[in-house]
Every structure is written in C-alpha cells, then in structure tokens.
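Asks: Starting from these lines, generate the structure:
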Amino acid sequence: MTRHTSSPELVGPVDGAADPELLGLPRPPRFERIATVTLMIATGVLAAIMMIGLFSDVRYALTSSDPEDIGDLGRWTPDASMTNRFVRGTGRLGTGGIRYDRPMERDSFQLNPIAGNDKVWVEMRLPSGSESSLPPPTVLVGRLMPFAKAALRYGGLARSVREATGVELPADAWVLVDGATPNASRWTVALAALFAVFAAYNLVTIARVVRPART
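Replies: The predicted structure is shown next:
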C-alpha cells in the first residue's frame with residue numbers, strides 16, 4: 001500500500017504579526033529626518049510669505065496700461081478706491097524730501113511732497129550721475145499707493161522720511177512712484193508663481209516624509 005505525502009507549504013507571518021525581515025531593518029535616522037522636515041517647513045513658509053508680499057505687485061502688473069487722469073495733485077484728495085492704480089497727474093515737487101539708494105540699483109531715488117499737498121509724495125528715479133537740482137517734470141505718471149499699504153520695497157519710506165528730516169507724514173499720506181508702469185512690473189507675476197510652486201512642492205514633500213510607511 002503506497003502512502004502519499006504532501007509537500008511542505010511556505011507559511012507567511014500570521015495576520016497581525018510583524019514581519020521578522022522588516023523588524024530586522026535598521027531604523028531610519030530620526031535626527032536627519034527631523035532636520036529635513038524642519039528645513040522644508042521653514043523654506044516653505046518663507047516662500048509663502050514672499051508670495052503674499054508680492055500680491056499687490058502682481059495685482060498692479062495685471063491692471064490696464066492706460067493711466068487714469070487725476071488732474072492737479074496739489075488739490076487732489078486721496079481716495080481709498082485709487083489704491084494701487086496707474087495714474088497721471090500734474091504738480092510741482094515741494095521741499096523737505098530725501099534722496100537715497102537701493103541695493104543692486106545704479107540709479108538713485110528722490111522722494112518729495114507735492115507743493116501744497118503734504119498728503120501726496122512722489123518718488124522719482126534719478127539717473128546715475130545726475131544732480132537732484134535738475135528741474136522735475138510737472139506731469140507725473142506712475143503707481144499710486146497709500147504709505148500704509150505700500151508694496152514690499154516701499155514699506156520703509158515713511159520711516160526714512162521721519163528719520164532723515166524729522167517730518168512726520170500724515171497717517172493717510174500717499175506715494176506716487178513716477179515711471180512705474182504695469183508693464184514694468186510683469187516680472188513679479190513669474191516670481192510669485194515660482195514662490196507658489198516652491199511652497200506647494202515643500203508641502204507635498206513634507207506630507208510624504210511624515211506619512212507612516214506601509215508594511
């Protein structure tokens with residue numbers, strides 16, 4: 001009488017039990033992982049802050065390239081609806097302004113109030129080597145903003161005026177950046193988009209790093 005023996009079968013780990021091979025793997029470097037996630041969080045937050053800081057520049061870059069005529073700046077009364085608009089006005093520059101330089105800019109800049117209206121100030125670009133005594137134009141075309149809501153690069157102008165001249169600007173003072181057109185600000189759209197992509201990439205990567213590995 002012949003006996004039939006069954007061949008042995010491979011039996012995997014019992015349901016709910018940990019795989020011995022997985023248990024034998026070295027633990028991931030905890031310190032390096034924490035450092036990587038922390039760095040990615042910091043850079044992602046910084047990119048988001050820069051993106052938000054460029055919001056007003058992007059909005060201005062997308063406005064119409066035809067300036068809105070606001071007439072005599074010496075008699076013009078600031079209106080909140082004119083924030084971040086491309087305008088054209090006439091007026092003479094008054095005394096009590098400041099001249100300054102910006103990093104990575106060859107030209108200098110001058111900030112003066114409009115004669116007869118201390119609520120409107122004008123920033124003008126002075127070509128390298130020019131004198132501040134050059135006669136200013138009477139027609140001014142550029143970007144109009146309240147100092148309180150000025151874009152990132154103009155945020156410290158009110159403080160600079162106070163420190164240099166002792167003049168305290170009115171709380172509702174405005175600045176007209178002469179020569180600043182929407183077309184000249186189009187580069188900020190690409191830069192803001194780059195920061196947005198970088199922040200999103202960091203967010204997705206952080207989620208993948210901290211997600212528990214499947215066994």
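
Asks: ranges for the helices of this structure?
Replies: With DSSP state H applied, the chain shows helices at 20-24, 30-53, 55-61, 157-165, 187-210, listed in chain order.

Asks: most tightly surrounded among those helices?
Replies: Mean neighbours per residue, mean count of other CB atoms under 10 Å, is largest over these for helix 55-61, with a mean of 19. No exception for glycine: its C-beta is placed from N, CA and C like everyone else's.

Asks: State the mean pLDDT of that one.
Replies: Averaging pLDDT along helix 55-61 gives 91.

Asks: next one: that helix to chain centre, how far?
Replies: Taking CA atoms, centre = their mean, to the nearest Å, one finds the center of helix 55-61 at 9 Å from the center of the full chain.

Asks: For that helix, which outside residues touch it?
Replies: 84, 86, 143, 145, 149, 151-152, 182-183, 185-186, 188-189, 192 (CB atoms under 8 Å, 6 or more residues apart in numbering).

Asks: want to try CSV for those, with distance to residue 65 and pLDDT as columns?
Replies: Below are the contacts of helix 55-61 laid out as CSV (distance: CB to CB, whole Å; pLDDT from 0 to 100):
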residue, distance to residue 65, pLDDT
84, 14, 91
86, 7, 96
143, 12, 94
145, 17, 90
149, 22, 78
151, 18, 64
152, 22, 65
182, 5, 94
183, 6, 93
185, 11, 89
186, 10, 91
188, 15, 92
189, 14, 94
192, 19, 93
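
Asks: circling back to that earlier point, out of the helices of the chain, flag the one nearest residue 121.
Replies: helix 157-165 (7.9 Å; CB to CB).

Asks: what's that closest one packed up against?
Replies: Packing partners of helix 157-165 (3 or more CB pairs under 8 Å, 6 or more residues apart in numbering; DSSP states H and E): strand 98-101, strand 108-114, strand 117-126.

Asks: buried set for the last one?
Replies: Neighbour counts over strand 117-126 (16 or more other CB atoms under 10 Å) mark 117, 119, 120, 121, 122, 123, 124, 125, 126 as buried.

Asks: is it true that the fifth one touches residue 98?
Replies: I take that to be residue 122. No - with contact defined as CB atoms under 8 Å, residue 122 does not reach residue 98; the gap is 12.0 Å.

Asks: which residues do the two both contact?
Replies: Common neighbours of residue 122 and residue 98 (criterion: CB under 8 Å, 6+ apart): residue 111.
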